[in-house]
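**Q** Please find the sequence and the predicted model below.
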There are 2 protein chains.
Amino acid sequence: MGATKSDLFTRQQNEIAAMAKALAHPARIAILQYLVKKNACVCGDLVEELGLAQATTSQHLKELKTAGIIQGSIEGASVCYCINPKTWKQYKELFNGFFKDVDLQNTCC
Amino acid sequence: MGATKSDLFTRQQNEIAAMAKALAHPARIAILQYLVKKNACVCGDLVEELGLAQATTSQHLKELKTAGIIQGSIEGASVCYCINPKTWKQYKELFNGFFKDVDLQNTCC
DNA sequence: TTGTATTATTGCAATATTACGATTAAATAC
DNA sequence: GTATTTAATCGTAATATTGCAATAATACAA
């Protein structure tokens, strides 16, 4: 055991969980907020920005890239990152859809 | 190492990550969707609903309770669960705040 | 009291995540 | 050419998560 039993759940449930997982670390939230704040391609300075080791930062960037929420392009010796607007919109809509339509009156417990 | 270095990040970043973490498993998404669908207190039948062992289900429920997004009340021999409307609203607002205000034009990469 | 039903907790194994030093690879500078 | 810069990857250790069987705890019924 130890591995998530994703076959028990719907594709949508696995999808939402996967998106949430991509956001489930403060370093990755910090990266995304920084990219959003700069609203442009950011080359290099992410390691200093975070305070984590270069290898660790690279790992978090990879996870965000795998999730599709950021994209990177090689710019000479360095790499430039920015938000992937399409995936960002998808995330936004999926979470919006998940959280809306709850009757907040059901305080039965 | 292996533990998240939460002291490197802001309280808000840790908070968003913690919320995302609570949602980062399909079983927990399934539980929340079920509670939302029923829009009422649900007593008992969550174990059958999920297909996971009783111990595992109980563990996921505990995580959601710790995160504050559901609440449970003892109803005789069983326990009734429902969405915590206040926390649900907080989640909704925090994620909305996180995802809004991005200029989707920055396709520079 | 004894038995039954329901949920929580404990203990453990398998797997995943986080973090970092060391190394590698590729572009640029000299 | 060699040195430097930048980022990815490898290897490894520490920690966390997932899952379940077994057990405990609680409420209720007979």
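**A** That came through fine.
**Q** Okay, the closest residue to residue A:17 other than its chain neighbours and residue B:42: tell me how far apart.
**A** Closest residue to residue A:17 apart from its sequence neighbours, by Cβ to Cβ, 6 or more residues apart in numbering or on different chains: residue B:26 at 4.4 Å. Using the backbone N, CA and C atoms, a C-beta is placed for each residue, glycine as well. As judged by Cβ to Cβ, to the nearest Å, residue B:26 and residue B:42 stand 18 Å apart.
**Q** Compare those two (neighbour count), which wins?
**A** Counted by other Cβ atoms under 10 Å in any protein chain shown, residue B:26 and residue B:42 do not tie: residue B:26 has more neighbours, with 26 against 23.
**Q** Quick check: residue A:25 touching residue B:6?
**A** No - under the criterion of Cβ atoms under 8 Å, residue A:25 lies out of contact with residue B:6, with a separation of 9.5 Å.
**Q** Other residues contacting the helix or strand bottoming out on mean pLDDT in chain A?
**A** Of all the helices and strands that make up chain A, strand A:42-43 has the lowest average by mean pLDDT, DSSP states H and E, namely a mean of 80. Counting by Cβ atoms under 8 Å, 6 or more residues apart in numbering or on different chains, strand A:42-43 makes contact with A:34-35, A:75, A:78-82, all of which sit outside it.
**Q** again, only using 6 Å
**A** Taking Cβ atoms under 6 Å, 6 or more residues apart in numbering or on different chains as the criterion, the residues outside strand A:42-43 that touch it are A:35, A:75, A:78, A:80-81.
**Q** and the next element down the chain from it?
**A** Beyond strand A:42-43 in the direction of the C-terminus, DSSP states H and E gives the next helix or strand as helix A:46-50.
**Q** So that next one, near DNA strand C or not?
**A** No - Helix A:46-50 stays clear of DNA strand C (Cβ under 7 Å from any atom of the strand), getting no nearer than 8.5 Å.
**Q** Which positions in that helix come out as buried?
**A** If you call a residue buried by 16 or more other Cβ atoms under 10 Å in any protein chain shown, then helix A:46-50 has these buried ones: A:46, A:50.
**Q** Contact residues of chain A facing chain B?
**A** Remark: the part of chain A in contact with chain B comprises A:6, A:8-9, A:13-14, A:16-17, A:20-21, A:23-26, A:29-30, A:36, A:39-41, A:51, A:71, A:73, A:80, A:82, A:85, A:88, A:92, A:95, A:99, A:102-104, A:106, A:108-109, using Cβ under 6 Å from any Cβ of the partner chain.
**Q** what about stretch A:66-73, start to end distance?
**A** Stretch A:66-73 has an end-to-end distance of 14 Å (criterion: Cα to Cα, to the nearest Å).
**Q** what about residue A:7, distance to DNA strand C?
**A** From residue A:7 over to DNA strand C the distance is 13 Å, taken as Cβ to the nearest atom of the strand, to the nearest Å.
**Q** How about the contacts made by the residue nearest to residue A:17?
**A** The neighbourhood of residue B:26, defined by Cβ under 6 Å, 6+ apart, consists of A:6, A:9, A:13-14, A:17.
**Q** Looking at the residues of chain A next to chain B, which are in strands?
**A** Using DSSP state E, the subset of those located in strands is A:71, A:73, A:80, A:82.
**Q** Most neighbours of all the residues you listed, which one?
**A** Of all those, the highest neighbour tally under other Cβ under 10 Å goes to residue A:82, namely 21 neighbours.
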